[in-house]
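> Build me a model:
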Amino acid sequence: MAEVKQLYKDAFAAFARGDLDAAVEGYRRAVETDPGFALAWQGLAEVYGRQDRLDEAIEAIGKAIEADPAESLYHTGLSRFLQRQGKIPEAEAAAMEAQRVQSRGPA
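Numbers count the residues shown, from 1 in each chain. Okay, here's the model as predicted:
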């Protein structure tokens, strides 16, 4: 687990300094190491979003939701990406799911 956390930290640092290609590579290595690491999927989705790779962003945020469906942040991210694609009804549904999940509170 320590290895995947370091991969995540390195990817996040690359993202923060604007090296999006390195961030994608780092996040991909993290999720290959631990496919259930939802936060790394979310990071990958955010990088793809910055790169206007919205289909890939939606796929990645979907993996984050699969790994941790109780995290409202991931549903909010899905809503944002869908909205950018002009899929307003789907974006609104994802936003409502984020609100529903958030109102339930921590498990």
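> Could I get the contacting residues of the residue nearest the centre of the chain?
Residue closest to the average C-alpha location in the chain (Cα atoms, centre = their mean): residue 42, at 1.8 Å. If you count contacts by Cβ atoms under 8 Å, 6 or more residues apart in numbering, residue 42 has them with 60-61, 64, 73-74, 77. All C-beta spots, glycine's among them, are computed from the backbone N, C-alpha and C.
> Identify the farthest-apart pair in the residues you listed.
60 and 73 (13.4 Å; Cβ to Cβ).
> Identify the residues contacting the nearest residue to residue 83 once chain neighbours are set aside.
Leaving aside its sequence neighbours, residue 83 sits nearest to residue 91 (Cβ to Cβ, 6 or more residues apart in numbering; 4.0 Å). When contacts are counted by Cβ under 8 Å, 6+ apart, residue 91 touches 79-80, 82-83.
> export the helix or strand containing residue 49 as PDB, just CAs?
Taking DSSP states H and E as the definition, one finds residue 49 inside helix 38-50. Taking Å, rounded to 0.1, in the frame of the first residue of the first chain, the C-alpha atoms of helix 38-50 are listed here in PDB:
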ATOM      1  CA  ALA A  38     -10.700   5.600  -5.700                       C
ATOM      2  CA  LEU A  39      -8.800   8.800  -5.000                       C
ATOM      3  CA  ALA A  40      -6.300   7.900  -7.800                       C
ATOM      4  CA  TRP A  41      -9.200   7.400 -10.200                       C
ATOM      5  CA  GLN A  42     -10.500  10.800  -9.200                       C
ATOM      6  CA  GLY A  43      -7.100  12.400  -9.800                       C
ATOM      7  CA  LEU A  44      -6.900  10.800 -13.200                       C
ATOM      8  CA  ALA A  45     -10.400  12.000 -14.100                       C
ATOM      9  CA  GLU A  46      -9.400  15.600 -13.100                       C
ATOM     10  CA  VAL A  47      -6.300  15.500 -15.300                       C
ATOM     11  CA  TYR A  48      -8.300  14.200 -18.200                       C
ATOM     12  CA  GLY A  49     -10.800  16.900 -17.600                       C
ATOM     13  CA  ARG A  50      -8.100  19.500 -17.800                       C
END
